[in-house]
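Visitor: How does the following fold in three dimensions:
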Amino acid sequence: DDPSIGMEVQSIPMDIYSNTFANDYQVLPKNLKSIITHLQTNDYTAANQEFETILKSIRSPKNIGNSDMRNMEGITLHNMAVVNLLAGKYDVALPLFQDAVRIKKAFLGYDHPEVAVSLDETGIQLFAQEQFQQALQVFEEALTIRIKTYGPDHPK
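Guide: Coordinates of the predicted model:
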């Protein structure tokens, strides 16, 4: 009797850092409304519990082979990592960002801009942990993707 099985999974990229969310908050699914409320009240544990429920549903047997779910898994892992950063759980955030990169690469391809976003966050975490050589390699990979996608003169 798992409540996440059969649950409609919806995920949207959210800019958790600046506390900006979808324009029409009322049309969001209940679980995303709940996450937003938790983030706005700095209840990161509850937000992560909601993300865990989403992740469990994404990974349920009924979604095996569903490529859209794989993309949402990468987005959800990235968002979970950000929430852990906000909660001060840096040791938890890094492997989540690394998993998000791995999944996004598998689903979107190695040179997709969404991969670069998660690579940047991974690099920041590596740098903060004084793993400078690894951080530099990750930042260079993200930069290569951005130059390939947007061109060398683009502000991103």
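Visitor: number of nearby residues for the closest residue in space to His38 that isn't next to it in sequence?
Guide: Excluding the flanking residues, the one nearest His38 by C-beta to C-beta, 6 or more residues apart in numbering is Ala47, at 3.9 Å. No exception for glycine: its C-beta is placed from N, CA and C like everyone else's. By the criterion of other C-beta atoms under 10 Å, Ala47 has 26 neighbours.
Visitor: Enumerate every residue touching Ala47.
Guide: By C-beta atoms under 8 Å, 6 or more residues apart in numbering, the contact list for Ala47 reads Ile35, His38, Leu39, Val83.
Visitor: per-residue confidence for it?
Guide: Looking at Ala47, its pLDDT is 93.
Visitor: Distance check, the residue positioned nearest the centre of the chain against Ile58.
Guide: Note on the chain: the residue nearest the mean C-alpha position is His78, at 1.7 Å, using C-alpha atoms, centre = their mean. As for His78, its distance to Ile58 is 13 Å (criterion: C-beta to C-beta, to the nearest Å).
Visitor: what about Asp111, is that helix, strand or coil?
Guide: Three-state assignment for Asp111 (DSSP: H, G, I helix; E, B strand; the rest coil): coil.
Visitor: Ramachandran coordinates for it?
Guide: Main-chain torsions, Asp111, degrees, to the nearest 10: phi -110, psi 30.
Visitor: check contacts around it.
Guide: Thr144, Ile145, Lys148, Thr149.
Visitor: if we go to 10 Å?
Guide: By C-beta atoms under 10 Å, 6 or more residues apart in numbering, Asp111 lies in contact with Lys105, Glu141, Thr144, Ile145, Arg146, Lys148, Thr149.
Visitor: Now restrict those to buried residues only.
Guide: Buried by 16 or more other C-beta atoms under 10 Å: Lys105, Glu141, Ile145, Arg146, out of the contacts of Asp111.
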